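In: any chance you could fold what I've pasted below:
(one chain, ligands or ions: 2)
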Amino acid sequence: MIYSVTLNPSIDYVIGLSQLTLGRVNRLDSDLKLPGGKGINVSRILKELDLPTTALGFTGGFIGQFVTDRLANLGLTTRFTPIAGDTRINVKVKAEEETELNASGPTISSDEAAAFKRELDQLQPGDVVVMAGSLPAGLPASFYRDLVPVIHEHGADFVIDTTGQALLDTLPDKPLVVKPNHHELAELFGDPEYTSLEETVQAGRKLLGLGAQHVLVSMAGAGALMITADKAYHGTVPAGKVENSVGAGDSMLAGFTGTFATTHDELESFKVAIACGSATAFSKDLATRAKIEEVKATITITEI
Ligand SMILES: Nc1ncnc2c1ncn2[C@@H]1O[C@H](COP(=O)(O)OP(=O)(O)O)[C@@H](O)[C@H]1O
Ligand SMILES: O=P(O)(O)OC[C@H]1O[C@](O)(COP(=O)(O)O)[C@@H](O)[C@@H]1O
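Out: Ligands and ions are numbered 1, 2, ... in the order given. This next block holds a predicted model:
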């Protein structure tokens, strides 16, 4: 079973308009409400791939109910911990360019945090826990790292999708995979933006040295890298119309984690990861299985 952890879910309110003018009333051409949050997106893609998954996290108020109901309609198993606060709304503006407005979310009490931790008692050897996204207020910055010993105690593995020091802090505990994008990777090491694949590979390899079991670096429309101890691979992404890249990174992580957990085949997992990321970028909502298969057939992986 792959468990996702979304401590700070959301409704992603995706609005489309040809031009956004600040300081004026703007009329929308389209609007879409999606259950959002990085772990939830991971579980949704795993479900599309027919892999067993359960979404954990905190939900509260009518927005939390909307998220839970929409996921139930999609047939997804959830075990959210109820909270007194209201789950947030994140606004994703698709105008001349994509702009994201992510709220900080509700405050979690210590009792709510303790109730969430009890959910991890159900972990079994061989399970994987994917922890992804921002921490809501009230939780200590070490919250993810503090869950790792509990996960390991049950013989389960973990994946973490976060940035900065919080990511570096968990590397010695050997996450199954980490997937920074190329901007996050440069920031992590205080480097200027990388200008070549070689530089990016060198930086990615440092994450392996620090403990990550697998390292993927996503580069949006420029594809992705997979870096192993002695090799590096570049995966192309097909040309296509980007409809909504929100959740593309989460989709990629789901594709790799789900495929690797079931096959232990790194190259196949990398290919499925890119297919899931790009199929989501080419869709208004997250990718469907059919779109993932279609995109996968066009991806080329080359050793560099
Ligand atoms: N413009 C795009 N065209 C095709 N694929 C894309 C595009 N943007 C994202 N993707 C796919 O999604 C993956 C993750 O996207 P990226 O933007 O790098 O991650 P994140 O959302 O974590 O910043 C990419 O490696 C690629 O497979
Ligand atoms: O927890 P954070 O960092 O605010 O991110 C939450 C947002 O991330 C998303 O999961 C999308 O993430 P990606 O585009 O990085 O894959 C949205 O659904 C959600 O609104």
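
In: show me where the stretch 101-250 of the chain has strands.
Out: Secondary structure of the stretch 101-250 of the chain (DSSP state E, counting those that start in this stretch): strands at 128-132, 157-161, 215-218, 224-227, 232-235.

In: ok, the nearest residue to residue 282 once chain neighbours are set aside to residue 295 distance?
Out: The shortest distance from residue 282 to any non-neighbouring residue, by CB to CB, 6 or more residues apart in numbering, is to residue 240 (4.5 Å). C-betas here are computed from N, CA, C, even on glycine. For residue 240, the distance to residue 295 (CB to CB, to the nearest Å) stands at 8 Å.

In: repeat for residue 5
Out: Plainly put, residue 5 is 27 Å away from residue 295 if you go by CB to CB.

In: neighbour count winner among those two?
Out: A direct count of neighbours by other CB atoms under 10 Å for residue 5 and residue 295 places residue 5 higher, at 29 against 24.

In: ok, that one touching residue 132?
Out: Yes. Taking CB atoms under 8 Å as the definition, residue 5 is a contact partner of residue 132 at 7.0 Å.

In: any residues in contact with both of these two?
Out: Counting by CB atoms under 8 Å, 6 or more residues apart in numbering, the common neighbours of residue 5 and residue 132 are residue 39.

In: for residue 31, give the beta-bridge partners.
Out: On the basis of DSSP bridges, residue 31 is bridged to residue 15.

In: surely it is in contact with residue 17?
Out: No. Using CB under 8 Å, residue 31 is not in contact with residue 17; the gap is 9.4 Å.

In: quick one: which of these two has more around it?
Out: Taking other CB under 10 Å, residue 31 and residue 17 do not tie; residue 17 has more neighbours (16 against 11).

In: now do the closest residue to residue 228 other than its chain neighbours: how many residues are near it, please.
Out: Nearest non-adjacent residue to residue 228, counting by CB to CB, 6+ apart: residue 266, 6.8 Å away. Per other CB under 10 Å, the neighbour tally for residue 266 reads 17.

In: what residue ranges in the stretch 51-200 of the chain score low on pLDDT?
Out: Along the stretch 51-200 of the chain, no part satisfies pLDDT under 70.

In: contacts only, for the residue nearest to residue 282.
Out: 278, 281, 282, 295.

In: at 10 Å instead, please
Out: Residues near residue 240 by CB atoms under 10 Å, 6 or more residues apart in numbering: 221, 278, 279, 281, 282, 283, 291, 294, 295, 298.

In: do residue 67 as well
Out: With CB under 10 Å, 6+ apart, residue 67 has these contacts: 6, 9-12, 33-37, 40, 55, 57, 59-60, 78, 80, 87.

In: could you dump the helix or strand that contains it to PDB, C-alpha only?
Out: Residue 67 is part of helix 61-73 when elements are defined by DSSP states H and E. The C-alpha coordinates for helix 61-73 follow below in PDB (Å, rounded to 0.1, in the frame of the first residue of the first chain):
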ATOM      1  CA  GLY A  61     -15.000  22.600   7.500                       C
ATOM      2  CA  PHE A  62     -17.100  22.600   4.300                       C
ATOM      3  CA  ILE A  63     -14.000  22.900   2.100                       C
ATOM      4  CA  GLY A  64     -12.500  19.800   3.800                       C
ATOM      5  CA  GLN A  65     -15.800  18.000   3.200                       C
ATOM      6  CA  PHE A  66     -15.700  19.000  -0.500                       C
ATOM      7  CA  VAL A  67     -12.200  17.500  -0.800                       C
ATOM      8  CA  THR A  68     -13.300  14.300   0.900                       C
ATOM      9  CA  ASP A  69     -16.500  14.000  -1.100                       C
ATOM     10  CA  ARG A  70     -14.800  14.600  -4.500                       C
ATOM     11  CA  LEU A  71     -12.100  12.000  -3.700                       C
ATOM     12  CA  ALA A  72     -14.800   9.500  -2.600                       C
ATOM     13  CA  ASN A  73     -16.500  10.100  -6.000                       C
END
